[in-house]
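In: predicted model follows, preceded by the sequence.
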Amino acid sequence: MRIANISGRLALVVDGRAVDVEKASGGRFSADPQAVYERWEEFRSWAAAAELPAGTALDPAELASPAPAPRQTLAIGLNYRDHAAESGFAVPEGLPPVFTKFVTSITGPVTEVKLPTGGGDTDWEVELVAVIGRRAEGVHEADAWSHVAGLAVGQDISERVGQLTGPAPQFSLGKSHPGFAPIGPWLVTPDEFDDPDDLELRCAVNGEEVQKGRTRDLVLSVPALIVRLSAVLPLLPGDVVFTGTPAGVGIGRDPRRFLAAGDVLVSSVEGIGELRQTFVA
Ligand code: ZN
């Protein structure tokens with residue numbers, strides 16, 4: 001199953017067309033995309049059995065984040081060995097660094113992103129994003145996938161000067177400028193994948209491929225992250241987890257490379273779709 005946020009309304013994506021959930025369910029489910037995760041199991045059962053009307057054409061420009069207002073966004077650093085190496089860090093022994101992307105940075109999949117005023121080094125990080133569908137607290141690994149509503153593509157856009165300057169790094173602020181957390185193009189449930197633990201991620205700048213990895217190379221897989229995170233705090237329905245980026249970010253290149261006005265960043269995950277960000281001054 002795929003769900004999308006179309007101009008703020010929850011939709012099922014069926015054969016590439018959009019079915020409005022509030023209308024199709026006769027008002028049983030709200031149009032608010034964020035609200036559906038509170039009733040995820042009930043929604044899935046309804047969607048599986050419902051006789052849905054024919055969908056309407058889906059315009060990518062109208063897509064917003066399938067989880068537009070999570071109570072918590074947890075983002076994971078250094079979760080691929082090759083990216084830890086290019087960043088000059090050892091692979092973390094216990095929990096990797098965890099930071100947040102503040103909710104105002106979340107957008108849909110096709111956007112214009114304003115480069116932070118005063119410059120800075122704006123960089124890309126394609127990531128698999130997991131959205132929680134059932135409260136997770138003290139979860140065991142065998143049950144972890146059952147707490148995931150679905151997967152989406154995410155971009156952990158990062159302003160490296162702000163992120164790394166100062167006595168302690170400012171990961172959360174440096175990664176939370178407006179538009180720095182595009183998510184989409186929709187949410188795909190885990191059962192749609194042959195193996196949800198092995199998906200290819202790609203990222204290109206102006207058509208040139210800069211990142212290519214597979215989620216099987218995550219240091220902590222999606223289930224392992226849910227175990228480790230839910231041992232510390234509860235993960236709530238609708239929460240977003242950015243799972244980390246593979247090698248190929250701008251700061252890890254020689255010479256370093258950062259985004260400039262006019263650059264187009266395309267990020268994709270196999271079996272889900274792609275994000276497209278255009279950067280402006
Ligand atoms: Zn990241």
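Out: Thanks, I have it. Being a predicted model, the structure only gives us computed values, none of them experimental.
In: count of neighbours near residue 14?
Out: Residues lying near residue 14 (other Cβ atoms under 10 Å) number 16. Glycine gets a C-beta too; all of them are placed from N, C-alpha and C.
In: backbone dihedrals for residue 11, please?
Out: In terms of degrees, to the nearest 10, the main-chain angles of residue 11 are phi -140, psi 150.
In: residue contacts, the closest residue to the ion within the chain?
Out: Nearest residue of the chain to the ion: residue 156, at 3.3 Å (Cβ to the ion). Residue 156 makes contact with 75, 101, 125, 127, 175, 180-181, 242, 245, according to Cβ atoms under 8 Å, 6 or more residues apart in numbering.
In: let's go with 6 Å and repeat that
Out: Listed by Cβ atoms under 6 Å, 6 or more residues apart in numbering, the contact set of residue 156 reads 125, 127, 242.
In: ditto for residue 75
Out: 99, 101, 242.
In: now residue 269
Out: Contact analysis of residue 269 by Cβ under 6 Å, 6+ apart lists 128, 153, 199, 201.
In: and which of those residues is nearest residue 24?
Out: Closest approach to residue 24 among the contacts of residue 269 (Cβ to Cβ): residue 153, at 25.6 Å.
In: do I have it right that the closest one meets residue 271?
Out: No - contact criterion Cβ atoms under 6 Å: residue 153 and residue 271 do not qualify, at 10.2 Å.
In: give me the neighbour count for residue 220.
Out: Residue 220 - counted by other Cβ under 10 Å - has 19 other residues nearby.
In: now do the one 5 residues further on
Out: The number of residues packed around residue 225, counting by other Cβ under 10 Å, is 24.
In: which helices and strands sit right next to the helix or strand hosting it?
Out: Assigned by DSSP states H and E, residue 225 belongs to helix 222-230. When contacts are defined as 3 or more Cβ pairs under 6 Å, 6 or more residues apart in numbering; DSSP states H and E, helix 222-230 sits against helix 141-144.
In: for residue 85, which non-adjacent residue is spatially closest?
Out: Among residues not flanking residue 85 along the chain, residue 247 sits closest, at 7.4 Å (Cβ to Cβ, 6 or more residues apart in numbering).
In: pull the number of nearby residues for residue 49.
Out: Per other Cβ under 10 Å, the neighbour tally for residue 49 reads 7.
In: enumerate the residues of the stretch 151-281 of the chain near the ion.
Out: Residues of the stretch 151-281 of the chain lying near the ion by Cβ under 5 Å from the ion: 156, 245.
In: any weak-confidence spans in the stretch 101-250 of the chain?
Out: The stretch 101-250 of the chain contains residues with pLDDT under 70 at 119.
In: ranges for the helices of it?
Out: 141-144, 160-164, 171-174, 222-230 (DSSP state H, counting those that start in this stretch).
In: now do the longest one: everything it contacts.
Out: Counting by Cβ under 6 Å, 6+ apart, the neighbours of helix 222-230 from elsewhere in the structure are 74, 95, 130, 136-137, 139, 141, 144-145, 147.
In: just the buried residues of the residues you listed.
Out: 74, 130, 136, 139, 144-145, 147 (16 or more other Cβ atoms under 10 Å).
In: and those, which two are furthest apart?
Out: Farthest pair in these, by Cβ to Cβ: 74 and 145, 16.9 Å.
In: just the closest of the contacts of residue 156 to residue 110, please.
Out: Taking the contacts of residue 156 together and measuring to residue 110 by Cβ to Cβ, the closest member is residue 127, at 17.4 Å.
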